[in-house]
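1. Show me the folded form of this:
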Amino acid sequence: MVVGWAAFNLLAMVAMVTATVIVLVLLDAVGGASGRPQLAGQVGGAIAALGYGVTQIVIVTGLFRLMLRPMEPVFLHLRLGRTELRAFTGFLAPAVALAPLAFALALGVGAVGAWSLPLAILLAAAGAAGLLAVALRFALVPVIGFVEGGVPMAAAWRITRGQSWRLLGMALLVASLLAVIGAAIWLALFSLGGLLTGFDDLGLSGAESLAAHPGRYALQIVAELVLAPVFVVIAQAPFVAVYRALKNPA
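-> This next block holds a predicted model:
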């Protein structure tokens, strides 16, 4: 299943690149992008960001569907519709709800920092811990929304009551696993790029490096696209498992 999602991710990127080229050609034809490379870059970046975001939401919802509705007749459990929109809203709503608290914390830390740096550090640490605790209580909003519909902030808060430490431990384990896998993949790509193009120029940015070794960057992009579903599964599957465990304790 993950292999199929990786192929879907790769094909979606090809489609996004094609759409970007078509839009830029049309803009240039009507004079909108002629002589304005900045506009072309902005349009291309917007299309790429939107397409990538939609693709990841579709894959995340496919994971939810695989784990919670495995018999639903959908190819690779992937679909684009209202369910995917609810999942996107489920990820967005907690972030929007926590944004004012984070902003207030930043203002408070800044004000206290002008008076006492140690106290500001302590306030920042305590505030960050509090925000993390609240965020974990809302971590099941996308999953519950997938099952029950809507944006169930209150339902997520109720079902995770008394589970903060368990959720924190699980989140730390998931983050550690993602960090280890990410580091291993980066090291593998670094070594492979060096073996193929030499270790004398392994800069990961810059127009000169891109022009000298385009294959290296293509390899990195393809690897990221192919492996992105793996990271999605590792990051989101534990929360689906938590939802199932809390919903049916028996």
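2. Name the residue closest to the centre of this structure, please.
-> For the chain, residue 56 is the residue whose C-alpha lies nearest the centre (Cα atoms, centre = their mean; 7.0 Å).
3. Let me know the helix or strand that that one is in.
-> Using DSSP states H and E, residue 56 maps to helix 37-68.
4. so how many other residues sit close to residue 18?
-> By other Cβ atoms under 10 Å, 10 other residues sit near residue 18. C-beta: built from backbone N, CA, C; applies to glycine.
5. Could you point out the helix or strand that follows the lowest-mean-pLDDT helix or strand in the chain?
-> Taking mean pLDDT, DSSP states H and E as the measure, the chain has helix 207-212 as its least confident helix or strand, at a mean of 55. The C-terminal neighbour of helix 207-212 among helices and strands, as given by DSSP H and E, is helix 214-247.
6. Next, the buried residues of that next one.
-> Buried residues in helix 214-247, counted by 16 or more other Cβ atoms under 10 Å: 216, 219-220, 225-233, 235-236, 238-240, 242-243, 246.
7. coming back round to it: for the helix holding residue 56, name the packing helices and strands.
-> Helix 37-68 sits against helix 2-29, helix 82-113, helix 141-148, helix 214-247, with contacts defined as 3 or more Cβ pairs under 8 Å, 6 or more residues apart in numbering; DSSP states H and E.
8. which element is residue 162 on?
-> Going by DSSP H and E, residue 162 is not in any helix or strand.
9. quick one, phi/psi of it?
-> phi 80, psi 10 (degrees, to the nearest 10).
10. Now residue 115. Its backbone dihedrals?
-> phi -100, psi -40.
11. That one: how many residues sit nearby?
-> For residue 115, using other Cβ under 10 Å, the count is 8.
12. How is the chain partitioned into domains?
-> Taking automatic domain parsing as the domain assignment, the ranges for the chain are 1-80, 83-161, 162-250.
13. Quote the end-to-end distance of the shortest one.
-> Here the two ends of domain 83-161 are set 26 Å apart, with distance taken as Cα to Cα, to the nearest Å.
14. chain center to that domain: distance?
-> On the basis of Cα atoms, centre = their mean, to the nearest Å, domain 83-161 sits 16 Å off its chain's mean C-alpha point.
15. Next: stretch 155-174.
-> Using Cα atoms, centre = their mean, the distance between the centre of stretch 155-174 and that of its chain works out at 20 Å.
16. Flag every buried residue along that stretch.
-> 155-156, 159-160, 163, 167, 170-171, 174.
17. for stretch 81-100, same thing?
-> Neighbour counts over stretch 81-100 (16+ other Cβ under 10 Å) mark 83-84, 86-91, 93-94, 98 as buried.
18. what's in contact with that stretch?
-> The contact list for stretch 81-100, computed with Cβ atoms under 8 Å, 6 or more residues apart in numbering, reads 53-54, 57-58, 60-61, 64-65, 131, 134-135, 138-139, 141-146, 149-153.
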